[in-house]
Structure formats: C-alpha cells, structure tokens
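Chemist: Sequence first, then the predicted structure:
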Amino acid sequence: MLILGIETTCDETSAAVVRDGREVLSNVVASQIDLHAKFGGVVPEVAARAHLESLNLIVDEALRRAHITRPAHQLDAVAVANCPGLIGCLLVGTAAAKAFAFAWSKPLIAVNHVQAHLYSVLLQDESANRRAGEPVKNEVADSPIRRFADSVSPPFPAIGLVMSGGHSSLYHVHSFHNLRRIGQTQDDAVGEAFDKVAAILQLGYPGGPLIDKLAESGNPLAIKFPMSLLEKDSLNFSFSGLKTAVLYHVNGKQGRQRDASALSLQQKADVAASFQKTAADMLVEKLRRAAARYPAHALLIGGGVSANTAIRTAVTRLGAELTLPVFIPPMRYCTDNAAMIAGIAHGLLRSGQTADLNLETIATV
C-alpha cells in the first residue's frame, strides 16, 4: 500500500511516499529557516506563501524519488496534516491534498501531525538513500531489556511525549490511533523556550540545535536554574519560569542591566548546558510521574526537540531506571516531515477513516 503524505503545518514544506506504513520510499523536506532567521522566529504569512510557492515542486520530487510515474494508478491514498498548526500553512497543504485526491480519485486521509510525531519511531530509512545491500535500520534506544529490531512495534499501552516549538504534550498511548492527552504546556512549549534562550544568548535561530551544540563545551551543573513542576503530581508543563530565570541570569535582575555580549564563550556554554539539563530534568520528571500513574510498557518520544542529545540521553536513562524500552525517532524524522503523515495514515486507511473534500483545517486541538 503506497500513500503520499503532505506536511505544511509550520515552516517545513514536505512530501513523502511510504509503503505499508513503515518503509519510506521518499521524504522531501524544504526548510524555511533562511526566510525566518532574520525575524528570530516563524512569520506565519511568510511561511504560508513559501509553502504555496514550493509545494508542487516538493510533491513532484517525492513522487520521482519513489519512482511513482502514474500516481492515479500506483498510489492508494493521499494523506495530509490538517491539524494543529499555523492556519494559513495548514490551508495550503490541505487544499493541495484535496486537489490531488480528487484528480487521482484517491481517498483523502486527515492526520493530526502532533500524534504523527510519535509514529515516527516506526519509520525505516529511505530505500533510495541506502547503499545496495545495506540493511534497513531504525534508531531505537538501548533498553535494559533488549535492543529492539526494526520489525518490532512498541508494546502498548505506552507513555508518549511530543516536544516541539509549539507543543509539549504527554499521551497515554493504547495504539498510534488510540491515544489520550494527559498533559500539556501551560505557557511556553519546550522548543519555544530553547529558541528564546538562544535569543537571550544571542546565538541566532533556530535555537534548539545552537543550544545543543554550545552546551557540549559547558558545565551542566554550573548554574542551578529553578524547575517549575506545577502542582504535586501535575502532568502539565511550564517553561516560562525557566526562560525568565535564564534572562535574569544573563541580563540582570531587571532583565536590562547588560546582555549576553558581557559573557565569555565559556560562560555562555555553561548557561546553555545548565538550561538544557534543567529542561531535560523537567521533561523526565513528567514522564516518570505519568509512568507511575498510568499502565505503561514503553516510553515514546517525538517532535523536533527529541533530536536534542541531552534529552535523548535523559529519557533513555529513565527507561533503564523504570525497566521500560524507549523508542526514539531517527534524527531525520524528529522535525516536521511528511513521512510520518503518510506512515500513520496507513492504519487510518485500513480502518476506513477517510475524509471528504469538505475537510477543515484546525489550528489548535
């Protein structure tokens, strides 16, 4: 079963073809980082226009790489992320998916892109990018039980954590198509906090990779930033206090006496490493609480921030502590991508969960 997926929820324009929900035949992603860097963040109108200008070319390239020459005959469905995200961006992708589904007489499948991030742990390396005879590999974290093979799916129920610039969400996952949100951010998402701390340190945009790189030479114990865990046993997240603590540490108590230019490179690295460790500790504590409250046989993480090395390491250590296997996406599937959209759509199609051409876009869910 071959499904074309389309992802335009924020600032990546992506199209992919996935076979049987796992084997990625193509996954083309056009980043808009250069467009938004000068603004220090994503500008919705700029992002939507960029999607409009590039999406057809991206879809053509995804079909070419997957050797799809007759989509009306070779494809089984068209899937699109219709929620959540920036509304203008969602409209571009959804309108295009409707047009392709109508033109090719194929079922249309609507996908929640946040939930699709958890599905990314099942995606296998692109066939087109593998050397002849090289086995398919899936990046699954070591567990105290055993190392999982590519063909193994996570044992359910599981606890899932999606971390990105707009979302910090915890799920109790009974299957990739049956999951309940049990915690969410109350203010800044963790990815947003990374971007803001990078701005405070005058590192540039996007903040996540820059903080991760700088933290490599820093001391994570140099500064004790406060951990905001909210009420006792709360599964919700709050990163605004941590961001403000970094601001006051760098710029002074009023946030205006000085700026990051007064710090040495080592001092900046210590701030980055200490912030990163505190954020990771906060995320791990919420995972620990969720695993204690809900039946769980595995931990799943996904989203752009799951590419952060300190967080990947911290979650893997938690899995060892709880004797739970940890499933982490390959790096290329952490950020927004269409492969996860086409992949999770496979199960939706098999269960008859298709949409019609009146499909709406939803900014928040």
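Modeler: The structure has been received and is ready for your questions.
Chemist: Can you pull out the low-pLDDT segments for the stretch 151-300 of the chain?
Modeler: Low-confidence regions of the stretch 151-300 of the chain, defined by pLDDT under 70, span residues 151, 254-256.
Chemist: so Gly343 makes contact with Leu123?
Modeler: Yes. Here Gly343 reaches Leu123: they are 5.7 Å apart, a contact under Cβ atoms under 8 Å. (Glycine included, C-beta is placed from N, CA and C.)
Chemist: got any residues that touch both of these two?
Modeler: Any residue near both Gly343 and Leu123 by Cβ atoms under 8 Å, 6 or more residues apart in numbering counts here, and that gives 18, 22, 24.
Chemist: Please flag which of the residues you listed sit within strands.
Modeler: When those are checked against strands (DSSP state E), the matches are 18, 24.
Chemist: got a winner among the shared contacts of Gly343 and Leu123 for most neighbours?
Modeler: Neighbour counts for those, by other Cβ atoms under 10 Å, peak at Val18, which reaches 31 neighbours.
Chemist: show me what contacts it?
Modeler: Under the criterion of Cβ under 8 Å, 6+ apart, the contact list for Val18 reads 2-3, 5, 24-25, 123, 339, 342-343, 346.
Chemist: Which one of those sits in the busiest neighbourhood?
Modeler: For the contacts of Val18, neighbours were counted using other Cβ under 10 Å, and Ala342 has the most, 36 neighbours in all.
Chemist: contacting residues for that residue?
Modeler: Shown here is Ala342, whose contacts under the criterion Cβ under 8 Å, 6+ apart are 3-5, 16-18, 79.
Chemist: Per-residue confidence at it, what does it come out as?
Modeler: Note on Ala342: pLDDT of 98.
Chemist: Skip the chain neighbours and tell me the closest residue to it.
Modeler: Nearest in space to Ala342, with sequence neighbours left out and distances taken as Cβ to Cβ, 6 or more residues apart in numbering, is Gly5 at 2.9 Å.
Chemist: Let me know whether that neighbour touches Ala16 as I believe.
Modeler: Yes. Between Gly5 and Ala16 there is a contact under Cβ under 8 Å: 4.7 Å.
Chemist: So for the chain, the centremost residue is which one?
Modeler: Per Cα atoms, centre = their mean, the C-alpha nearest to the average position across the chain is that of Gly303, at 1.6 Å.
Chemist: Once you drop chain neighbours, what's closest to it?
Modeler: In space, and not counting its chain neighbours, Gly303 is closest to Ser164: 3.9 Å by Cβ to Cβ, 6+ apart.
Chemist: Could you list the domains of this structure?
Modeler: 2-133+336-350, 158-328 (automatic domain parsing).
Chemist: Return the closest of the shared contacts of Gly343 and Leu123 with respect to Thr364.
Modeler: For the shared contacts of Gly343 and Leu123, the closest approach to Thr364 (Cβ to Cβ) belongs to Val18, at 26.7 Å.
Chemist: Including pLDDT and distance to Phe237, could the shared contacts of Gly343 and Leu123 go into JSON lines?
Modeler: Rendered in JSON lines, the data for these read as follows (pLDDT from 0 to 100; distance: Cβ to Cβ, whole Å):
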{"residue": "Val18", "pLDDT": "97", "distance to Phe237": "31"}
{"residue": "Arg22", "pLDDT": "95", "distance to Phe237": "30"}
{"residue": "Val24", "pLDDT": "96", "distance to Phe237": "30"}
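Chemist: Could you dump the shared contacts of Gly343 and Leu123 into CSV and include distance to Asn56?
Modeler: As requested, these are exported to CSV (distance: Cβ to Cβ, whole Å):
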residue, distance to Asn56
Val18, 20
Arg22, 27
Val24, 21
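Chemist: of all the contacts of Ala342, which two lie farthest apart?
Modeler: Considering Cβ to Cβ, no two members of these lie farther apart than Val17 and Ala79, which are separated by 10.5 Å.
Chemist: Comparing these two, which residue is more hemmed in?
Modeler: The residue with more neighbours, out of Val17 and Ala79, is Ala79; 33 against 30, by other Cβ under 10 Å.
Chemist: is it true that that one lies in a strand?
Modeler: Yes. Checked against DSSP: H, G, I helix; E, B strand; the rest coil, Ala79 lies within a strand.
Chemist: ok, the residue lying closest to it once chain neighbours are set aside - how many residues close by?
Modeler: Here the nearest residue to Ala79 in space, its sequence neighbours aside, is Ala345; by Cβ to Cβ, 6+ apart that works out to 3.4 Å. Ala345: 31 surrounding residues under other Cβ under 10 Å.
Chemist: which residues does Leu63 contact?
Modeler: 4, 15, 17, 26, 69, 71.
Chemist: helix/strand/coil for it?
Modeler: Here Leu63 takes the helix state, with states given by three-state DSSP.
Chemist: Equivalent analysis for the one 5 residues further on, please.
Modeler: Secondary structure for Ile68, judged by three-state DSSP, is coil.
Chemist: From Ala101, how far off is the residue nearest to it when sequence neighbours are not counted?
Modeler: Of all residues not flanking Ile68 in the chain, Gln74 sits nearest, at 5.1 Å (Cβ to Cβ, 6+ apart). Distance of Gln74 to Ala101, given as Cβ to Cβ, to the nearest Å: 14 Å.
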